[in-house]
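A.B. asks: below are the sequence and a predicted model; questions follow.
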Amino acid sequence: MPRPSSAKVYPQPGQVLILLAGQHRGKRVVCLKELEHGVLLVTGPYKVNGVPLRRVNRRYVICTSTHIDISSIDVKVPSELFNKKKRLRANKTSKNKDKTEDKFFEEFEKSKKARTTLKKDIQKKIDGPLIKHLKALDPLLTKYLSSVFTLKSADKPHELKF
């Protein structure tokens, strides 16, 4: 007898998701908010399972039934954090190429350090209250988030309830 189909579940802020692809596949993350065009902003938190603040397409996650109230947590993230960085190019007409190359690499290193410190600060600002909130809700919730989702050969994914 065929199983009745269920309605599509869209991720809500505070819902625990399972990542399906990429470096962090199989890890459980917390959805912070939905950005434009079906892209979600998620975090591990980093200290719990090593997943940093990142954008994930909605197609590459499984929604679970676990919800966390994150209304008290400030999830404002500057939009330039996830924009592609512009590549700097050296001026072709300059005759002193050594100086321009040195300048280019110095500017590149400065911008790279500024981006990483900005990302680290925002990660700490969001993860700190989130981890406190998780521990206050249930001490096993951090262990649940740190566990990795896997399927065995006998598992039937179409019959699993997430």
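C.D. replies: Now that the structure is in, tell me what you want to look at.
A.B. asks: centroid residue for this structure?
C.D. replies: For the chain, the residue nearest the mean C-alpha position is residue 54 (2.8 Å; Cα atoms, centre = their mean).
A.B. asks: how much space separates that one from residue 154?
C.D. replies: Remark: distance between residue 54 and residue 154 (Cβ to Cβ, to the nearest Å) = 32 Å. C-beta here means a position set from N, CA and C on the backbone, and glycine is covered the same way.
A.B. asks: hang on, the earlier thing: so what's the residue nearest to the centre of the chain up against?
C.D. replies: Shown in contact with residue 54 (Cβ atoms under 8 Å, 6 or more residues apart in numbering): 41, 42, 43.
A.B. asks: so it bridges to which residues?
C.D. replies: On DSSP bridges, the residues paired with residue 54 through beta bridges are residue 42.
A.B. asks: so how far is residue 116 from it?
C.D. replies: 14 Å.
A.B. asks: tell me the helix or strand right after the top helix by length along the chain.
C.D. replies: As assigned by DSSP state H, the longest helix anywhere in the chain is helix 97-137. Sequence-wise, the next helix or strand downstream of helix 97-137 (DSSP states H and E) is helix 140-146.
A.B. asks: could you tell me which residues within that following helix count as buried?
C.D. replies: Residues 141, 142, 145 are the ones in helix 140-146 that count as buried (16 or more other Cβ atoms under 10 Å).
A.B. asks: and for stretch 30-41?
C.D. replies: For stretch 30-41, burial by neighbour count (16+ other Cβ under 10 Å) applies to 30, 31, 32, 40, 41.
A.B. asks: now the angle from the helix or strand hosting the fourth one to helix 97-137?
C.D. replies: Per DSSP H and E: residue 40 is located in strand 39-43. Interaxial angle of strand 39-43 relative to helix 97-137 (axes from the mean of the first three to the mean of the last three Cα atoms, to 10 degrees): 70 degrees.
A.B. asks: what's the spacing between whichever helix or strand comes after strand 39-43 and its chain's center?
C.D. replies: Using DSSP H and E, the next helix or strand after strand 39-43 towards the C-terminus is helix 46-49. Centroid displacement of helix 46-49 relative to its chain, using Cα atoms, centre = their mean, to the nearest Å, is 11 Å.
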